[in-house]
Structures are given as C-alpha cells and as structure tokens.
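Visitor: Could you look at this predicted model? Sequence included:
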Amino acid sequence: MSERETNPMGIRGRRRGDEPLQRRANGALEARVLAVLQEVDEALTAGEVAERLGEDLARTTVVTTLSRMHDKGVLTREARGRAFAYRPVADSYGLTARRMHQLLAGESNREAVLERFVDEMDAGDEQLLRRLLGSDLDPGQ
C-alpha cells in the first residue's frame, strides 16, 4: 500500500493506521470558530474556543486560526494573562456587509460591479435596497 492514498471524497493525505487523513474545506474551521465566538457575549482564549468546539484539535491549530482571522480584521483581541482573548468585530450581518465592502473596494470599476449586483437581484431585494437608499430613488413614487 502506498504512503499516500485518496479517500472516498477524493482528498489525498497521509494515512494514519487504516484511516485516511481528513482535511477540512477552506474556511470550514474559521466558520465554526466564528460561530463559537458569536454565541457568547465575551472574548474567548484559544483554549476556551477549542474546548467549545469539542473536537480533538491541537491548541496551536486554534491559535493559528484565531490569529489569521484577527489579521483579516474579522476578530479583535485583548491580552488576557499570557494569551489573547478574541471576539468578532461585528455580528454575522455586519461581517457579511464588511466582506461586501472589501470586495467592492478591490474593484477598479465599482459602477460596473454595482450595476451587475443590482441587475442580478430579485425584485424583492431590489425594492428593499431602494427603500433603504431612500424613497426618492424609487421610480414607483
């Protein structure tokens, strides 16, 4: 048997005993970490996050994930003893809006992006956007 195998999901990795190495989809751990942090009203350390995840994750994996999320601007952190405690910068709606702003900021032709965005909205979302922007933009009034 070769050292590298492909598991039934098509993911390649080193085998440990008879079990194939399972890899998470990109962002899956970050999404779960974020969900844990959004469930509480306080900042959590890596150890507290790992405990709440309830998996057999190395503490260093959780620390790395939290650090990367902090570097992306998704989390803030504060010193707690010799560790950092992390919390989300916004609720899930705020984080989605933040990602939308970041994507738009990276485009050279913002008008084209916004035009396509609005063109692809369903009628209900378009009406909601018009209402949020102000009734003077609504051609129906």
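Guide: Thanks, I have the structure now. Numbering: from 1, shown residues only.

Visitor: show me where pLDDT drops low in the chain?
Guide: For the chain, residues meeting the criterion pLDDT under 70 lie at 1-26, 135-141.

Visitor: So which residue is smack in the middle of it?
Guide: By C-alpha atoms, centre = their mean, the chain has its centre lying nearest to Ala31, at 4.8 Å.

Visitor: Can you tell me what sits against the host helix or strand of that residue?
Guide: Assigned by DSSP states H and E, Ala31 falls within helix 28-38. Identification of contacts with helix 28-38 by C-beta atoms under 8 Å, 6 or more residues apart in numbering yields 44, 49, 52-53, 57, 61-62, 65-66, 68-69, 74-75, 86-88, 91-92, 95. Glycine gets a C-beta too; all of them are placed from N, C-alpha and C.

Visitor: From the contact counts, what lies against the host helix or strand of Thr76?
Guide: Secondary structure assignment for Thr76, by DSSP H and E: strand 75-80. Other elements packing on strand 75-80 under the criterion 3 or more C-beta pairs under 8 Å, 6 or more residues apart in numbering; DSSP states H and E are helix 59-71, strand 83-88.
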